[in-house]
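*Asks:* Using only what follows, build the 3D model:
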Amino acid sequence: MSQRKAKEYRQAMEQYRGVVEDVDDLKRRIGAMEVRHRREDQLEEISRRQARREAEKREANRAEYREHMRKINAEKRRRKVARRRIAFLACMAILALALVCALVTACSARGNGPAEEREINSAATVSPPVTLVSAEPDMWDGEGEDPLEAEKIEEALLASGYFSIAVPMCYEYQDYMRTYCAAYKCPYPLALAVAEVESHFNMEAVGTAGEVGIMQLNPGPDGAYHAELEAATGLDPTTPSGNIAAGCYLLGKYMQEYGDTNKAAMAYNMGVSGAENAWAEGIASTDYSAAVVKAMERWEVTVNAWNGI
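*Replies:* Here you go, the predicted model:
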């Protein structure tokens, strides 16, 4: 083979090797592209599933809230009926007592009358209160709902420790907090501690940055934070139930993410980005988080006598 042909042959082989390398590189790129596309498709499917689960969860929360409010309203109606009946009994008792006093006075004024008349007056004096008071309990004939059932339920919940007179909130608000702590996996003493530190349990409290309610929720730019909380809980954060629900939702979320009370309190107070910046600088606790932890420890002793949350 001549030198010219050998040179042409080497050049052809070099070109062939270059083409093969280009083809291999193209195959690698195509393979990487396919892997990336599959990953993106998987992430999109995961996002869609998460969105569906969140929508189902919000709908379940709304249904649970509607059922909860229905029960509360029913209890309120029963309490109202019971109060009316108690007031009626009290009025009847006072009326009977006044009648007795009047008859006794009349009998005393005519104390020198015939014995038979005094006996008649005495009988008249004794009989009215017995008739009036004994007739009233028969107003509920045992059918339908017991008008005193709400009071009985309230007394039972108080005796069990579900409600506590040590908590400076009405029983309705305590029920909200118990319910939403259970729903969002927030420790009940932690929710009480944050409510104490943030607002001293004052639903009408308003912070310097516009924070509202017992849990002092920041509305954010143009109400964006409140809108996010309402989307998450299905409730208006400016209402008592919605405010407590949103606070329990955030605390439960942070406790699940960080597993530490100090970190959860810092994220609640400073926001997630602010808390993460503090942690990056080595700050593991603040005056706020320390106050929350201290209050939580006190509430754990006070309210955890109940075997619930």
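*Asks:* which strands and helices sit next to the helix or strand Gly252 falls within?
*Replies:* Following DSSP states H and E, one finds Gly252 within helix 240-258. On a contact count with 3 or more CB pairs under 8 Å, 6 or more residues apart in numbering; DSSP states H and E, helix 240-258 meets helix 3-109, helix 171-184, helix 188-199, helix 224-233, helix 261-270. The C-beta positions use only the backbone N, C-alpha and C, and glycine is treated the same way.
*Asks:* Measure how far the longest one is from the centre of its chain, please.
*Replies:* To tie it back to what came earlier, the one meant is helix 3-109. Remark: helix 3-109 is offset 15 Å from the chain centroid, using CA atoms, centre = their mean, to the nearest Å.
*Asks:* and the angle from that helix to helix 240-258?
*Replies:* 140 degrees (axes from the mean of the first three to the mean of the last three CA atoms, to 10 degrees).
*Asks:* angle of helix 3-109 against helix 171-184?
*Replies:* Going by the same axes, to 10 degrees, helix 3-109 makes 160 degrees with helix 171-184.
*Asks:* quick revisit: got the helices and strands packed on helix 240-258 as a markdown table, with mean neighbour count and distance to Met255 columns?
*Replies:* Putting the helices and strands packed on helix 240-258 into a markdown table (neighbours: other CB atoms under 10 Å; distance: least, CB to CB, whole Å) gives the following:
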| stretch | mean neighbour count | distance to Met255 |
| --- | --- | --- |
| helix 3-109 | 12 | 18 |
| helix 171-184 | 20 | 9 |
| helix 188-199 | 24 | 7 |
| helix 224-233 | 18 | 15 |
| helix 261-270 | 23 | 5 |
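*Asks:* Lowest average pLDDT across those?
*Replies:* Averaged per stretch, pLDDT over the helices and strands packed on helix 240-258 is lowest on helix 3-109, reaching a mean of 77.
*Asks:* now the angle from it to helix 224-233?
*Replies:* Going by the same axes, to 10 degrees, helix 3-109 makes 80 degrees with helix 224-233.
*Asks:* Which neighbouring elements make contact with helix 3-109?
*Replies:* Right, helix 3-109 is packed against helix 115-135, helix 149-160, helix 171-184, helix 224-233, helix 240-258 by 3+ CB pairs under 8 Å, 6+ apart.
*Asks:* If we use 7 Å, what do you get?
*Replies:* Applying 3 or more CB pairs under 7 Å, 6 or more residues apart in numbering; DSSP states H and E, one finds that helix 3-109 contacts helix 115-135, helix 149-160, helix 171-184.
*Asks:* That one vs helix 149-160, what angle?
*Replies:* Angle of helix 3-109 versus helix 149-160, following the same axes, to 10 degrees, is 110 degrees.
*Asks:* mind checking pLDDT for Ala159?
*Replies:* Looking at Ala159, the pLDDT reads 76.
*Asks:* just the one 5 residues further on next, same as before
*Replies:* With respect to pLDDT, Ser164 scores 87.
*Asks:* Show me how this protein divides into domains.
*Replies:* Segmentation of the chain into domains, based on automatic domain parsing, reads 3-139, 161-303.
*Asks:* Just put these in CSV and tack on distance to Glu151.
*Replies:* Listed next are the domains of the chain as CSV, based on distance: least, CB to CB, whole Å:
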stretch, distance to Glu151
domain 3-139, 6
domain 161-303, 11
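*Asks:* Tell me which of those lies nearest to Lys152.
*Replies:* With CB to CB, the closest approach to Lys152 among the domains of the chain belongs to domain 3-139: 9.6 Å.
*Asks:* Now the residue nearest the centre of the chain: closest residue in space, sequence neighbours ignored.
*Replies:* Nearest residue to the geometric centre of the chain (CA atoms, centre = their mean): Tyr180, 2.8 Å. Closest residue to Tyr180 apart from its sequence neighbours, by CB to CB, 6 or more residues apart in numbering: Cys248 at 4.0 Å.
*Asks:* and that neighbour, what is it in contact with?
*Replies:* Residues in contact with Cys248 (CB atoms under 7 Å, 6 or more residues apart in numbering) are 177, 180-181, 184, 186, 191.
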